[in-house]
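J.: Quick one: sequence and predicted model below, then my questions.
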Amino acid sequence: MAIVEHPTKTGTLSSWQHSLKIAFRDSWQLLKFLGLASEPAPLVANDAGSNLDSNGKSRHLYSDIGSIQESPFALFVTREFASRMRKSDWNDPLLRQVWVDAKEEIVTPGYLKDPVGDSKTELAPGLLHKYHGRVLLVMTGACAIHCRYCFRRHYPYSSAPKSIDEWEPALDAIEADNSIQEVILSGGDPLSIVDSVLSQLLDRLAKIPHLKRLRIHTRFPIVIPSRITSRFIDILSDSRLSKWIVLHINHANEIDDEVYQAVDRMRRSGAILLNQSVLLEGINNDIDSLVTLSEKLINANILPYYLHQLDPVQSAAHFEVPVAKGKQLVVEMAKRLPGFAVPKYVYEKSGEPNKTLIY
Ligand SMILES: *Cc1c(COP(=O)(O)O)cnc(C)c1O
Ligand code: SF4
């Protein structure tokens, strides 16, 4: 995954592009910001911030983070997101989502680079056709945050299309198959792409007569709420397609006033808002975190859609919650929440015709 900055025509950056530019890319800077720079990280059980690198050298004491930064999926977190982390707390559930733990170097048998079999379902470059009636367009490798458990962390983004012209084969393939009713813009994060280009793409999609629905999978409204520009809302509002936006929020602390406002702006385009979460060890694998998250979502008119069992992606095994524990949590959630606030607990199995419900 790469971080792409898109200079505008005038050479000035819009507010959200500026947020990308000043985001934390350096573990040391993030630790200083959180008041953790002089706190030794806990080493045993709760070691989200393990301070030993693979040679046993302390990361933060020597501030020897060069090797981490060179990784293709380096630390990357916006100031907006970091400002919602609790200070001086290695166990903060937002910090744990982005902290580059030494455990990422552990090679776990059965944990793969392409755990969900994406590469086998590619219909055209960047176009995945896995499920009936809907296709997923991998529009960019860029995200506004690097979630350490990401199942696409090893996706070969460099071979995916980069411009409207390069998407033509994918668009032609959608046009040629009138069983496709829904296009899912995904990535990476499709809102990494500037409004002018999104606008062209949405126009092009709306011209395909058998398309009925547009879905956008994005984390931008959480990590950079200012990405939800009035231009973007106009572009969405203008589309004839039925609009569904799937957010990605794992913990209630990710939602603040600016997020609420971004969500309200999106709703004004006529879009229906859903959320997907990943069940993550040490982040949301307890009943109170899950119930509080669902309550916060429905109070903001966002429907909890999926709770994903972690995909077995290499480098992320330390985030796994056993399925038996996940089932128990969902049973408990049902006792405490309105039926519509209990997300579907699912996992993705390569070759299956849909995501598989766990119950
Ligand atoms: C998850 C996914 C979808 C969407 O599935 P829904 O169950 O409709 O949310 C579509 N395509 C791919 C490749 C997916 O991974
Ligand atoms: S925002 Fe989504 S695609 Fe991007 S790193 Fe996080 S989980 Fe992966």
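T.: Structure's in. What do you need? Ligands and ions are numbered 1, 2, ... in the order given.
J.: what's the pLDDT at W28?
T.: Looking at W28, its pLDDT reads 95.
J.: can you give me the offset of whichever strand or helix holds it from its chain's centre?
T.: According to DSSP states H and E, W28 maps onto helix 27-33. On the basis of CA atoms, centre = their mean, to the nearest Å, helix 27-33 sits 22 Å off its chain's mean C-alpha point.
J.: where does the chain have low pLDDT?
T.: Applying pLDDT under 70 to the chain flags the ranges 1-11, 39-71, 159-160, 162.
J.: got the residues of it near ligand 2?
T.: Within reach of ligand 2 by CB under 6 Å from any ligand atom, the chain has these residues: 143, 145-147, 150, 152, 187-189, 219, 248. For every residue, glycine as well, the C-beta is placed using N, CA and C.
J.: go again using 5 Å as the cut-off
T.: 143, 147, 150, 219 (CB under 5 Å from any ligand atom).
J.: Quick check: bridge partners of the closest residue to L185 other than its chain neighbours?
T.: Counting by CB to CB, 6 or more residues apart in numbering, I216 is the residue found nearest to L185 once chain neighbours are left out, at 4.9 Å. When assigned by DSSP bridges, I216 has beta-bridge partners L185, I245.
J.: Please name the residues that touch I216.
T.: Each residue near I216 by CB atoms under 8 Å, 6 or more residues apart in numbering is listed here: 184-185, 190-191, 243-246, 271.
J.: Can you tell me how far it is from S230?
T.: 17 Å (CB to CB, to the nearest Å).
J.: Ok, G133 next?
T.: Taking CB to CB, one finds G133 at 32 Å from S230.
J.: quick one, helices of the protein?
T.: Listed in chain order, the helices of the chain (DSSP state H) span 15-21, 27-33, 66-69, 79-82, 95-98, 168-176, 195-206, 220-223, 230-238, 257-267, 287-299, 323-336.
J.: Check which helices and strands the fourth one sits against.
T.: This points to helix 79-82. helix 220-223 (3 or more CB pairs under 8 Å, 6 or more residues apart in numbering; DSSP states H and E).
J.: quick revisit: just checking, what packs against the helix holding W28?
T.: Of the remaining helices and strands, none touches helix 27-33 by 3+ CB pairs under 8 Å, 6+ apart.
J.: and if we set it to 10 Å?
T.: Packing contacts for helix 27-33, counted by 3 or more CB pairs under 10 Å, 6 or more residues apart in numbering; DSSP states H and E, involve helix 79-82, helix 95-98.
J.: and of those, who's closest to ligand 1?
T.: For these, the distance to ligand 1 is smallest for helix 95-98, at 20.0 Å, taking CB to the nearest ligand atom.
J.: what packs against the closest one?
T.: Where contact means 3+ CB pairs under 10 Å, 6+ apart, helix 95-98 is packed against helix 27-33, helix 79-82.
J.: Nearest approach to S239 belongs to which of these?
T.: Of all the helices and strands packed on helix 95-98, helix 79-82 sits nearest to S239, with 27.1 Å by CB to CB.
J.: Need the contact partners of the closest one.
T.: 16, 19, 22-24, 29-30, 33-34, 92, 94-95, 97-98, 144-145, 219, 222-226, 253-254, 256, 258-259 (CB atoms under 10 Å, 6 or more residues apart in numbering).
J.: What residue in the stretch 151-300 of the chain comes nearest to ligand 2?
T.: For the stretch 151-300 of the chain, CB to the nearest ligand atom, closest residue to ligand 2: R219, 3.9 Å.
J.: contacting residues for that residue?
T.: 81, 143-145, 147, 187, 189, 191, 227, 246-250, 254, 276.
J.: Test my guess that D92 contacts W99.
T.: Yes: taking CB atoms under 10 Å as the contact criterion, D92 and W99 are neighbours in contact, 9.2 Å apart.
J.: Name the nearest residue to H248, sequence neighbours excluded.
T.: R219 (4.5 Å).
J.: try Y305
T.: Excluding the flanking residues, the one nearest Y305 by CB to CB, 6+ apart is L274, at 3.9 Å.
J.: isn't that neighbour right up against L297?
T.: Yes: at 9.1 Å, L274 counts as touching L297 under the criterion of CB under 10 Å.
J.: Now the common contact residues for these two.
T.: Contact criterion CB under 10 Å, 6+ apart; residues shared by L274 and L297: 247, 303-305, 343.
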